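Visitor: kindly generate the corresponding structure for this input.
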Amino acid sequence: MTEAADESEMLSIVEALLAKRQVALAHCQAAEWSAKSLDRADAGWRLQRVCFEKSPFVQQFHDGLEVFQMQGVGGGYAMRTRLPIGKHELILKESPAIDWIGTNVRDPKWVQAYLAGKLPQCQEQAARLEGLHPRTEEEAIQLANLRVEWLGNEKQASCSLPAPVQELVTASENPGAVAAVFGRLQVNSHSDGIHVTTAFMNHSCVPNCENRSKQRQMVYTTRDIAAGEELCIAYLSTGNLANLLGCRPRRNEVFRDSWGIQCACERCRAEMDQVRDFAFEKKITDLQSDLQVAEDDDFAPLARRLLQQELVPFDGLRWKQDLADIMLHFVLELRLHIDTIPSKPEDLLLCITAVVEAHDRKVVSLGESGKLNPWWTTLNRLVGRYEEGHGPLPTHMQDGVDSIKRMSRDCARDFLFQAFA
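Guide: Residues are numbered from 1 along each chain as shown. Okay, the predicted model is just below:
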């Protein structure tokens, strides 16, 4: 990076990069300059504000946001807030800087077009990726050839490059530079392209933010966040919560396969000694089959025994409780769909209580998150079944349901779902 003696010189460098739409590199250079001295902290924050304000891709941002360089080996980057932020606040709204996505680099025809310079604005779009991970050619080449352990066996990582593409990269004029572009596409893209500012938000298995839009990045907080706190989202697919809420070895197996590194979030650091319990996972799978086919009169007693740990112990481990919760919710969704939910009031109340308590446990990990929308929908349908057949819920249960309805409405204010009317 170009050395700058003072803030004004650094501002000129940042603005020159922004004029070329190299937003990620502008964030990085401002953060690196700021990290060289504690005296530059406030100036660094001002420079970051310029990056947000003048980015052609950012439509809205919270005043406290700051990209910063993390201390320690590697000197990676992250995003934090310098100001307190309440939950359910929109903190970043961003359009993609380029429309290339990770699947492009797995297509030899697309790769050949890129290498031949035949893609629209090819060099300009590639330059917009500078500053994102992987940041060095060495890291990119390692990622391109990465192999990982998967269920006890070694395999080619999902974030690596397929053999035909690797051959094209190796035969190119500058394999390291090409691998860097492709690696950045692999690990930073969303379905609509790459959002170069949102990309500085690291993953956490206990995130405090999430995207609530399918058309662009609209990042909302899911918890109250203190000044100085890092802002993190969950990279792991929320379509399968078991991958995000499972034991550390399972989470990191998926994470390393998808992003080429181990997760080092607060939860993972606290659970370093965890081991994967395949026997427990199989038992949960077997119980899922039993619950799916159980007769109406047998379903509630079997579910009750599961929740009371008579069928399989959770050993005081959060991830085991979470997997049992996720499995039971899946079964309830299925039985609602095929209309085999038990109709007795006591059985329906058991199902409603199970969903409310499981939901509250998930909030501990995810915050007040839109990822829980399927749980809200299931709860709404169960409550509807009870009220149709047996009248209003008991008062002691209504309070818990009302609390979840409020959370659903808070998450839905600016999003595309509404579980409760």
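
Visitor: neighbours of K282, just the number please.
Guide: Neighbours of K282 under the rule other C-beta atoms under 10 Å: 11. Any C-beta I mention is one placed from the backbone N, CA and C, and that applies to glycine too.

Visitor: against M10, how distant is it?
Guide: Distance of K282 to M10, computed by C-beta to C-beta, to the nearest Å: 57 Å.

Visitor: for the helix or strand hosting Q123, buried residues please.
Guide: Using DSSP states H and E, Q123 sits in helix 122-127. Neighbour-count burial for helix 122-127 flags 122, 125-127 (criterion: 16 or more other C-beta atoms under 10 Å).

Visitor: let's see it as CSV, backbone CA atoms only.
Guide: Extracted in CSV, the C-alpha atoms of helix 122-127 (Å, rounded to 0.1, in the frame of the first residue of the first chain):
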residue,chain,number,x,y,z
CYS,A,122,-13.7,-8.0,-17.6
GLN,A,123,-10.7,-6.2,-16.1
GLU,A,124,-12.8,-3.5,-14.4
GLN,A,125,-14.9,-6.1,-12.7
ALA,A,126,-11.9,-8.2,-11.6
ALA,A,127,-10.3,-5.1,-10.1
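
Visitor: quick one: that helix to chain centroid distance?
Guide: Between the centre of helix 122-127 and the centre of its chain there are 27 Å (C-alpha atoms, centre = their mean, to the nearest Å).

Visitor: contacts for that helix, please.
Guide: 20-22, 97-98, 100, 114, 117, 119, 181 (C-beta atoms under 8 Å, 6 or more residues apart in numbering).

Visitor: helix or strand next in line after it, which one?
Guide: helix 137-144.

Visitor: show me what whichever strand or helix holds T285 is packed up against.
Guide: Assigned by DSSP H and E, T285 falls within helix 278-293. Helix 278-293 makes packing contacts with helix 296-307, helix 318-337 when contacts are defined by 3 or more C-beta pairs under 8 Å, 6 or more residues apart in numbering; DSSP states H and E.

Visitor: closest one to C28 among those?
Guide: Proximity to C28, assessed across these by C-beta to C-beta, is greatest for helix 318-337 (35.2 Å).

Visitor: would you mark the buried spots in that closest one?
Guide: For helix 318-337, burial by neighbour count (16+ other C-beta under 10 Å) applies to 319-332, 335-336.

Visitor: then stretch 11-28?
Guide: Using 16+ other C-beta under 10 Å as the test for burial, stretch 11-28 gives 11, 13-14, 17-18, 21-28.

Visitor: who's in contact with W259?
Guide: W259 makes contacts with 159, 187, 203, 235, as judged by C-beta under 8 Å, 6+ apart.

Visitor: ok, now how distant is it from D224?
Guide: To D224, W259 is 28 Å away according to C-beta to C-beta.

Visitor: got it, and G370?
Guide: With C-beta to C-beta as the criterion, G370 and D224 are 17 Å apart.

Visitor: so which of these two has more stuff around it?
Guide: Remark: of G370 and D224, G370 carries more neighbours, 23 against 15, as counted by other C-beta under 10 Å.

Visitor: give me the below-cutoff pLDDT ranges for the stretch 51-200 of the chain.
Guide: Filtered on pLDDT under 70, the stretch 51-200 of the chain yields the residue ranges 73-74.

Visitor: mind listing the helices for it?
Guide: 108-115, 122-127, 137-144, 163-170, 175-188 (DSSP state H, counting those that start in this stretch).

Visitor: give me the contact list for the fourth one.
Guide: By C-beta under 8 Å, 6+ apart, the surrounding residues in contact with helix 163-170 are 105-106, 108, 111-112, 115, 144-145, 161, 175, 178-179, 182.

Visitor: of these, grab the buried ones for PyMOL.
Guide: In PyMOL, a selection of the buried entries from the contacts of helix 163-170 looks like this (16+ other C-beta under 10 Å):
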select buried, resi 105+106+111+115+144+161+175+178+179+182
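
Visitor: let me know the closest of the contacts of helix 163-170 to P301.
Guide: R106 (48.9 Å).

Visitor: ok, that closest one - contacts?
Guide: 161-162, 165.

Visitor: and E15, that's in a helix?
Guide: Yes - under DSSP: H, G, I helix; E, B strand; the rest coil, E15 falls within a helix.

Visitor: separation between it and W33?
Guide: 14 Å.

Visitor: Y386 now?
Guide: Taking C-beta to C-beta, one finds Y386 at 60 Å from W33.

Visitor: cool, and A242?
Guide: For A242, the distance to W33 - C-beta to C-beta - is 42 Å.

Visitor: run the chain-centre distance for the longest helix along the chain.
Guide: In the chain, taking DSSP state H as the definition, the longest helix is helix 345-366. Its chain's average C-alpha position is 24 Å from that of helix 345-366, according to C-alpha atoms, centre = their mean.

Visitor: so which bits of it are buried?
Guide: By neighbour count on 16+ other C-beta under 10 Å, the buried set for helix 345-366 is 347-356, 358-359, 362-363, 365-366.

Visitor: mind checking which of the contacts of W259 land in strands?
Guide: H203 (DSSP state E).

Visitor: for PyMOL, write a command that selects the buried ones of the contacts of W259.
Guide: The buried subset of the contacts of W259, as determined by 16+ other C-beta under 10 Å, is captured in PyMOL by this line:
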select buried, resi 159+187+203+235
